[in-house]
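Trainee: Task: produce atomic coordinates for the following.
(one chain, ligands or ions: 1)
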Amino acid sequence: MHFGYILAMDVLQEYFPTKSIKRAEMRLSAILYKEQARLDKIALDLNTDKAINQGNLLVELPFIIDFTASYHQAFMDYLKAALPQHQVKIKCGPNCGNCCHHYPMSIAPFELISLYSKIRESDLLFTYMNDCFFRVEQFQALLGQYEHQKENEYQDVEEMALHSFFEASHACPFIKKDASCEVYPFRPVTCRMYFSETEPKYCVPEFLQTSFNRSFIVYLPDAIEEAIEEISKHYEGLNLSESLYEGLMQMNALEGNIFYGAV
Ligand code: SF4
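Mentor: Next up, the predicted model:
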């Protein structure tokens, strides 16, 4: 899995292994190891190599939600340990939401499932799905356009589409009028890892990737990312997208099968 969905200046920083960093990494590893073992056991009992399927997702849902919450909390602890190592204080604050105009990618399947299980309780579910549909259509159109215009193999069509999507300024369906996030406790790691050392007014398309804007992503250590990838493999039978909006739409399409047992 890669998290590089956002077009940041993307300063890749190696963190000094302080006690708090090591503790945070160990906690993340322990949570992921435990979940991997749990899913491996389910797969073994099912006599397959994928633990989660449409038939058992509802039964597994509380465990998936619990695991995702623990993973998110452990990631926040990792941030707490890592961010003080940046020499410049981050300028991100409440009521900004500028980075909530990107097209979020690299969402782990268990994050999608947890988030969807939350928003499906909302009266706004239909609106959310419509908004997701619109954004997926826009993004697909951009991908098609750049694929068509591509001049050589070095051009990264997805990156070009991500950039144009951000320029079009489609706010995330979950952003509220005061720029706070409607699903804040359930937002995926992709939404938690992006920071700016410069004022929020520079986190807009005209300043992104210029010297005015210094944004960065807090990446997890490779071993942790690999562990997340391994866990995600247990969800492959669901065929969920790594895109937030597309993945939520897919979950919505499975609604009857999963939540009302139509499989
Ligand atoms: S889910 Fe929340 S934090 Fe993530 S992009 Fe949407 S509004 Fe922003």
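Trainee: Could you use CA atoms for every contact and neighbour count after this?
Mentor: Will do.
Trainee: most residues in a single helix of this protein, which one?
Mentor: Longest helix in the chain by number of residues, with DSSP state H as the criterion: helix 19-46.
Trainee: quick one: the helix or strand encompassing F165 near the ligand?
Mentor: Element membership of F165, judged by DSSP states H and E, is helix 157-167. No - contact between helix 157-167 and the ligand, assessed by CA under 6 Å from any ligand atom, is absent, since the two come no nearer than 11.6 Å.
Trainee: list the helices and strands that helix packs on?
Mentor: Using 3 or more CA pairs under 8 Å, 6 or more residues apart in numbering; DSSP states H and E as the contact criterion, the neighbours of helix 157-167 among helices and strands are helix 125-149.
Trainee: buried ones in the helix it packs on?
Mentor: Under the neighbour-count criterion of 16 or more other CA atoms under 10 Å, helix 125-149 has 128-129, 131-133, 135-136, 138-139, 142-143, 146-147 buried.
Trainee: how about these in a markdown table, adding pLDDT and distance to I119?
Mentor: Compiled in a markdown table, those are given as follows (pLDDT from 0 to 100; distance: CA to CA, whole Å):
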| residue | pLDDT | distance to I119 |
| --- | --- | --- |
| Y128 | 97 | 8 |
| M129 | 97 | 10 |
| D131 | 98 | 13 |
| C132 | 98 | 12 |
| F133 | 98 | 15 |
| R135 | 98 | 17 |
| V136 | 98 | 18 |
| Q138 | 97 | 22 |
| F139 | 97 | 22 |
| L142 | 97 | 27 |
| L143 | 96 | 28 |
| Y146 | 94 | 33 |
| E147 | 91 | 33 |
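Trainee: number of nearby residues for A82?
Mentor: The local packing count at A82 equals 21, with neighbours defined by other CA atoms under 10 Å.
Trainee: Likewise for E25?
Mentor: Residues lying near E25 (other CA under 10 Å) number 22.
Trainee: Give the full set of residues in contact with it.
Mentor: If a contact means CA atoms under 8 Å, 6 or more residues apart in numbering, then E25 has 78, 224 as its contacts.
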